[in-house]
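Chemist: Fold the following.
(2 chains)
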Amino acid sequence: MAARRADDDPDAAFIAELIRHQRRLYLFIGSLLPNPSDIEDVFQQTCLALWKKRQQALLADDFFAWACGFARNEALHALRSHRRSGQVCLPPDLVATLADEFVQDLATEADDRLTALADCLAKLQPPQRSLLKRCYQGAETIKAVAAELTLSPAAVTMRLQRTRHALARCIEQALQAAARPTAPRRQQP
Amino acid sequence: MNPPDQVLADSWPPADAELVRLTTAFCDGRLTAAEGRQLAELLRDDASRAVYRRLVWLHVNLLRLWHEGKVTLPPLPPPPAERRFSLPLPAGWLGRVAAGVLLAVGLVAAGAVSQQAGGLQRLVAILQPPLVEQRPPRQAGSIAEIIAVEQPVWAEGQPARGRYASVMPGDRLSLLAGLVEVAADTGGRIVLEGPTDLTLHDPAVAQLDRGRATVSVEGASAGDGQPRFTLTTPSATVTDLGTAFGASVSDTGQTAVTVLAGLVEMLPRQAGAAALRLTAGEAGVTGPQQLARRVDPPAERFVRSLPPGGSSRAEALSRFGWDQAPATVLLADAFTGSGLLAGTPPGARGGVGELAWRTPAAGWRLDPDTGALVATSHGLATLPFQPEPGHRYQISVTIHATAGGVGWGAIGLTDDADNPSYIPRGPWQVQRHRTDAEANRAYAGPGQTHPVGRGDRFGGEQTRTILLDTTGSRWRAVFFVAGTVLGEAVVDPKTAASGYVCLAAFPNSRIEFRHFSVAMLPR
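Modeler: Okay, here's the model as predicted:
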């Protein structure tokens, strides 16, 4: 955290740090609990916990890693609650392992993956984008989307899977192409 | 493995196919317990976890972009062609966000702006263009089409018909819940209110086996004696000689008809029974072994039509019979006066209610300057309130969430006054400060599960209302704001009737509440 800002206004400095890292924090939580309402709930609880302990943030070397510790605890807490209510969950020790790995992934996440996602979304056909939008906007279930599109839920699920796969494959291809060494340009006379 | 998952799995290396299938099912919430154990076993392998992480990264990014962050940026400057790959941010916007944003759901969205990389900005821009609804062509030989739907739930085995779906002769429309409006080729309109089973034999002939339906015939006038539409039921044949009527068929086969406009003839199936002619405002009933007789019109009104976007507030209120009888005010608080809210009953300041508000959170005060309850810390304020079966309740408050800071206020029902969480557990709806950052939402509950409708972006000061209908075997909640129906949901009586009506706040600086009330229709 920038020392000068922290000295001037520690709360503002904390907010600035939180804003800077919150996208990755959200991704981190979502990686452990992919259900949208779980993500939102745990994210809010995490933000609340971070705010209460914001004084500690001044001492943290790595704000993101510090925040992920709270997010991890909140996620595991939610997980225990889910397990008690009989929901399908990954075992806590596995979630803990994934949490460690996701922290590493996100700490080193490069902009090129996001850029690749942007490029690949742009390449989708409008109906594919429309389907993703409907399914991921949160309010509509597969059944509701199917009703709107006058398709069966299974057909919507199939189209959604195809679209996501096309995206995933496109991203990997883009990243591989970017990583390939380019041939040296011929010198112009 | 079901076919959709197979499609995705087949395209990955065979070794990863099952992992991909299970991961995507997990992301979509479709994983069974056995599959969960199988996925956990696969994820013991380092390489499998790498695949898992890639897929989940994509899933969560898509979720965030659309559900949380996609529509969160300030308005983009025209022209659209330039918008797509360039997103100039207004000067000082980020600074204002940093100063104002804290601990709110909208934080996710606001933070998207802070990503300076072009990738995310481009993502958001790409998603901006509106998607044009495509109208599919009518099926050859069809006799009607669905012209509007409102949260339809079709019975098992039924095609999931949506707007513009064609209806063929003999098609049975079995609706478990929601509303569907059908336009027949002869000009007749039929609104089905789930649960209902109706078969359309002909553009002017339908068979109602169960449930409620409203028939209107465009351009018809009462009194010419010409049949416009015929509805058969297990106990009667109802002929529309005029313009509009509502019919309902009970599980025992009893038929009730209410004439909304014009003239209707009701002919019992019982041999030798006389037909009953009903005019506007009259109602009649008959059963499998009964003669037809006149009765008082039922309190619950029929829905005559649906606008394409859903029903209007007036229509929905009318459906509840809300406009027919004066309400009994159970609780009311204008939040006049000053001092802490906690420990004070609404009756102490001229309102209705003798039990005191509880506010576990500090910082909820009555502000004499603004005449509002002002929340400056997160939490719930609760009043004991126990909805009972057999009633219709209106729960309402005006929320001003723009009075500085970022956050939201909400109204709803909950089951624990001492819960330190600020999330109600029963049905509830939210008014946010930054509706450009994220839509206001309504939830059937518990908590943030079961969102209702698409959300809304009504900003400023808004009156948010929940109508709770406990008259049926399943309790329903209808959510309103600004004269608009946000949606309707079945709610769980365990959380909806669990003891408290609550105001919730998640403020950065302050949320204001005014004109709180809970009212009930007489039985």
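Chemist: how close does the closest residue to B:Ala401 other than its chain neighbours sit to A:Trp51?
Modeler: Setting aside the residues directly before and after it, B:Ala401 is nearest to B:His433 in space (Cβ to Cβ, 6 or more residues apart in numbering or on different chains), at 4.4 Å. (Each C-beta comes from the backbone N, C-alpha and C, glycine too.) B:His433 sits at a distance of 17 Å from A:Trp51 (criterion: Cβ to Cβ, to the nearest Å).
Chemist: Pick out whichever of the two has more residues nearby.
Modeler: Just comparing B:His433 and A:Trp51: by other Cβ atoms under 10 Å in any protein chain shown the higher neighbour count belongs to B:His433, 29 against 16.
Chemist: Correct me if wrong: the more buried one contacts B:His400.
Modeler: No - counting by Cβ atoms under 8 Å, B:His433 does not reach B:His400; the two are 9.4 Å apart.
Chemist: How about the contacts made by B:Thr359?
Modeler: B:340-342, B:379-382 (Cβ atoms under 8 Å, 6 or more residues apart in numbering or on different chains).
Chemist: give the contact list for B:Arg294.
Modeler: Counted by Cβ under 8 Å, 6+ apart, B:Arg294 has contacts B:276, B:278, B:282-284.
Chemist: SS state for B:Leu62?
Modeler: helix (DSSP: H, G, I helix; E, B strand; the rest coil).
Chemist: Find residues that contact each of B:His433 and B:His400.
Modeler: Joint contacts of B:His433 and B:His400 (Cβ under 8 Å, 6+ apart) are B:Ile511.
Chemist: For the stretch 301-450 of chain B, what lies in contact range of chain A?
Modeler: Contact residues, the stretch 301-450 of chain B versus chain A (Cβ under 8 Å from any Cβ of the partner chain): B:378, B:423, B:447-449.
Chemist: 7 Å instead, please
Modeler: Counting by Cβ under 7 Å from any Cβ of the partner chain, the residues of the stretch 301-450 of chain B close to chain A are B:447-449.
Chemist: any idea of the pLDDT on the residue nearest to B:Ala401?
Modeler: On pLDDT, B:His433 comes in at 77.
Chemist: so what's the backbone phi/psi at it?
Modeler: phi -80, psi -50 (degrees, to the nearest 10).
Chemist: from memory it sits against B:Ile399, does it?
Modeler: No - between B:His433 and B:Ile399 there is no contact under Cβ atoms under 7 Å: 10.0 Å.
Chemist: Most neighbours of all the residues of the stretch 301-450 of chain B next to chain A, which one?
Modeler: B:Gln448 (20 neighbours).
Chemist: how near is the closest residue in space to that one that isn't next to it in sequence to B:Pro451?
Modeler: Using Cβ to Cβ, 6+ apart and skipping residues adjacent in sequence, the residue nearest B:Gln448 is A:Ser37, 4.6 Å away. According to Cβ to Cβ, A:Ser37 stands 8 Å off from B:Pro451.
Chemist: same check, this time on B:Leu39
Modeler: From B:Leu39 to B:Pro451 the distance is 26 Å (Cβ to Cβ).
Chemist: Let me know the helix or strand that A:Ala49 is in.
Modeler: helix A:36-52 (DSSP states H and E).
Chemist: The next helix or strand after that helix: which residues count as buried?
Modeler: Reading on from helix A:36-52 to the C-terminus, the next helix or strand found by DSSP H and E is helix A:54-57. Buried residues in helix A:54-57, counted by 16 or more other Cβ atoms under 10 Å in any protein chain shown: A:54, A:57.
Chemist: just how off-centre is helix A:54-57 within its chain?
Modeler: The chain centroid and the centroid of helix A:54-57 are separated by 24 Å under Cα atoms, centre = their mean, to the nearest Å.
Chemist: What residues does the spatially most central residue of chain A make contact with?
Modeler: Centroid-nearest residue in chain A: A:Leu27, 2.3 Å away (criterion: Cα atoms, centre = their mean). Counting by Cβ atoms under 7 Å, 6 or more residues apart in numbering or on different chains, A:Leu27 touches A:106, B:57, B:60-61.
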